[in-house]
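Participant: I need the structure of the sequence given here:
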Amino acid sequence: MNVFFEESGDFKAGKVLSQAGEAYQVELASGKRSKVKSRDVLIQFEQPEPEALLGSAKGIAAEVDLDFLWEVAGQEEFGFAELGLEYFGHAPLPFEAAGLVLALHAAPIYFHKKGRGRYKAAPEQTLKAALAGIEKKKQQAIVQAGYVDELKAGKLPASMQSIVQQLLFKPDKNTIEYKALEAAANELQTTAARLMLNTGGLASPKELHMSRFLFEHFPRGAGFPQVEVPGAPEDLPLADVAAFSIDDVTTTEIDDAFSVRRLADGRLQVGIHIAAPGLAIRPDDAIDRIARARMSTVYMPGDKITMLPDEVVNAFTLAEGTDCPALSLYAVLDPQDWSVVSTTTRAERVPIARNLRLNDLDAIVTEEALAGGSGEGTADYPHKEELGLLWQWALQLEAGRMKKREAFGLRPEQANRVDFNFYVEDDVVSIVRRKRGAPLDKIVAELMIFANSTWGKLLHDSGVPGIYRSQGPGAGGWAAKIQVRMVTHAAPHQGLGVDQYAWSTSPLRRYTDLVNQWQILACASHGVTAPLVAPFKHRDATLFSIVSAFDAAYAAYNDFQQNMERYWCLRWLAQENARQVDAVVLKEDLLRLVEIPLVARLAGMPQLARGAQVRLDILRWDEVDLSLEARLLEVAATAPDAALALEEEEEGDTGEATLAEVVEAEGVVAAVTTEEGVEVPAKAG
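Facilitator: This is a model prediction of the structure:
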């Protein structure tokens, strides 16, 4: 005797070897033996052989007209044998009955299983809905296959053209567009991003990197809604100065300027004038909400996304030839020893006589020229006398900070590092080396440190909270790595060598500075009652949330700038057709190219001293994943850039390049990159 039975959702047939009670010992065609319970046996038969029965049953199942079978079944529960009698018009033969079972089991949308060999026809509406769903999936599969063919042929389907970013950065994986993109990429052995580039969905790797950043951080676009530009108070006094700014040629958000006056008693009055949007923008107004959502201007080589709308920036930037609302810090100095006699903070209108540009002055404003020397490089230039006085004060300020650093247990700052400026025009990139600590850089940096430290002390002494940059030992104690943190109370910044440091000098570009400007204005205007009128009070939850949001946004913007600078470094290689380049060993297998701030790892490189110079053969680079492959050609006998690499170790105990932090933070130069490849966002137009 043979049996047709169900086992674990599968149907099998075999020869009965023996029976013991309610169980059969069955041998399958493969020779395998199974114990089958009688309740699982659906058909008993003598002929044909089990294997032949299964073959015939599958043929019957393939020929069954399911629509006709569903009509024959009616709406009552039935056994397969009963339905077979109606369907075949006679008592079904074993192979017919087995074929009917296979057909019923394979059509769950037509027939719902109710037990072993028992079924019930699906309700008409349920069946229609299921069939419609199947038809829809068939049509979608046809459309999806068409999409795959188009993608493989290098054409982007029309339905994908408006959702390119969605497909790449936040896809709905159930859509046929995503499934087609994934399938085509797999068949072509590439990635979805590269396939989008190949089909024109993205114009270039640059657009890919930009789109990814904008999609995540500016999902509604980088534009601004229409806003009404508020005006500063009309009763601001006019300062009796002729101020000038110092910025890169691409800078438009000019938020700091300087003035120098000789007083009757022989002393000097130095003015540090900061653009004052805080006089017009108020907490929680429309412009404040825009600035708080962005937290900072985003910089990248050749472009930027400003924190404030252009019309607001234009209203408060310290533009040449205008009287600008400003928050001024005046320091009275004794030129005998450059000590600070007194400081005064006030809001006023400041006449801006000149916007000086580093690109025009770097070559002629040398240390010799500032010291009043003669000879080459000492030609006349605007505000020469004032810059000479500011230079002397900057040197004294720097010396004082270095003593403070030493008191904190840190080494003096090193000034022999090189930064890199990026300029992009018509997709042609220029990367210009610039020695850190250039005179104009130092003047701006030292005066900004002085202003931020002085105003930080003013906030503290007035009992008004602010947002400070603090650098000191972390939770692990003095042995832990010294890190920079944002806090709402005065605390030392050991790397800069100051007792407190509150970012306050770039309110057009950083939201923290705008917040601090509101707090400083309260101190300057209200004195001892400032804690009562300042917008933010101690332990203000909003202030803590601003710090947290700023940290997150600033880190994300910094990462984006790093990626874009790396992209433009790779573009420079292509532009210059650079195939063999010089590089400096930073540590172990980590190298930096000499001419551009491109850092790469060279696997298998022999052990070389930090600062060793090598020559590399560039094998390939990839502007999509920003990778570089190279091989070592030779090790140079001398290493002119060794000091630059070694200096990284010198500053390792501070956790950051401190002067670079100020230079980039105050927007002195275009997108600046430290020579270790640790890029920091800087003002770039």
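
Participant: what number of residues lie near residue 340?
Facilitator: 16 (other Cβ atoms under 10 Å). (Glycine included, C-beta is placed from N, CA and C.)

Participant: what do you get for the one 4 residues further on?
Facilitator: By other Cβ under 10 Å, the residues close to residue 344 number 12.

Participant: chain neighbours aside, what residue packs nearest to it?
Facilitator: Spatial nearest neighbour of residue 344, excluding adjacent residues (Cβ to Cβ, 6 or more residues apart in numbering): residue 330 at 4.6 Å.

Participant: who touches that neighbour in this structure?
Facilitator: Neighbouring residues of residue 330 by Cβ atoms under 8 Å, 6 or more residues apart in numbering: 269, 270, 271, 272, 343, 344, 345, 346.

Participant: and if we set it to 6 Å?
Facilitator: Counting by Cβ atoms under 6 Å, 6 or more residues apart in numbering, residue 330 touches 269, 271, 344.

Participant: closest to residue 2 among the residues you listed?
Facilitator: When those are compared for distance to residue 2 (Cβ to Cβ), residue 271 wins out at 106.2 Å.

Participant: need the contact list for the closest one.
Facilitator: Residue 271 makes contact with 241, 259, 328, 330, according to Cβ under 6 Å, 6+ apart.

Participant: state the helix or strand in which it lies.
Facilitator: Following DSSP states H and E, one finds residue 271 within strand 268-275.

Participant: can you give the strand pairings for that strand, parallel or anti for each?
Facilitator: strand 256-262 (antiparallel), strand 323-334 (antiparallel) (DSSP bridges).

Participant: phi, psi for residue 618 please.
Facilitator: Per-residue torsions, residue 618: phi -80, psi 120 (degrees, to the nearest 10).

Participant: I'd assumed residue 630 was in contact with it.
Facilitator: Yes. Counting by Cβ atoms under 6 Å, residue 618 does reach residue 630; the two are 5.1 Å apart.

Participant: over to the residue nearest to residue 60 when sequence neighbours are not counted: give its phi and psi.
Facilitator: Once flanking residues are discounted, residue 60 sits nearest to residue 99: 2.5 Å by Cβ to Cβ, 6+ apart. Note on residue 99: backbone dihedrals following degrees, to the nearest 10 are phi -60, psi -40.

Participant: how many other residues sit next to residue 99?
Facilitator: For residue 99, the count of nearby residues is 26 (other Cβ under 10 Å).

Participant: higher neighbour count, residue 618 and residue 630?
Facilitator: For residue 618 versus residue 630, the count of surrounding residues by other Cβ under 10 Å is larger for residue 630: 23 against 17.

Participant: mind checking what secondary structure that one has?
Facilitator: Counting by DSSP: H, G, I helix; E, B strand; the rest coil, the backbone at residue 630 sits in strand.

Participant: residue numbering should commence at 7 henceforth.
Facilitator: I'll keep to 7 as the first residue from here, and by that count the last item is residue 636.

Participant: could you measure from it over to residue 211?
Facilitator: 19 Å (Cβ to Cβ, to the nearest Å).

Participant: with residue 315 instead?
Facilitator: Shown here: residue 315 relative to residue 211, a distance of 30 Å by Cβ to Cβ.

Participant: check residue 553 too.
Facilitator: Distance from residue 553 to residue 211, by Cβ to Cβ: 35 Å.

Participant: please apply the same query to residue 273.
Facilitator: From residue 273 across to residue 211, the span is 57 Å (Cβ to Cβ).

Participant: so for those two, which residue has more residues nearby?
Facilitator: Taking neighbours as other Cβ under 10 Å, residue 273 and residue 211 compare with residue 211 leading, 19 against 15.

Participant: ok, the closest residue to that one other than its chain neighbours - how many residues close by?
Facilitator: Using Cβ to Cβ, 6+ apart and skipping residues adjacent in sequence, the residue nearest residue 211 is residue 629, 3.9 Å away. Counted by other Cβ under 10 Å, the residues lying close to residue 629 total 19.

Participant: do residue 223 as well
Facilitator: Look at residue 223: counted by other Cβ under 10 Å, it has 16 neighbours.
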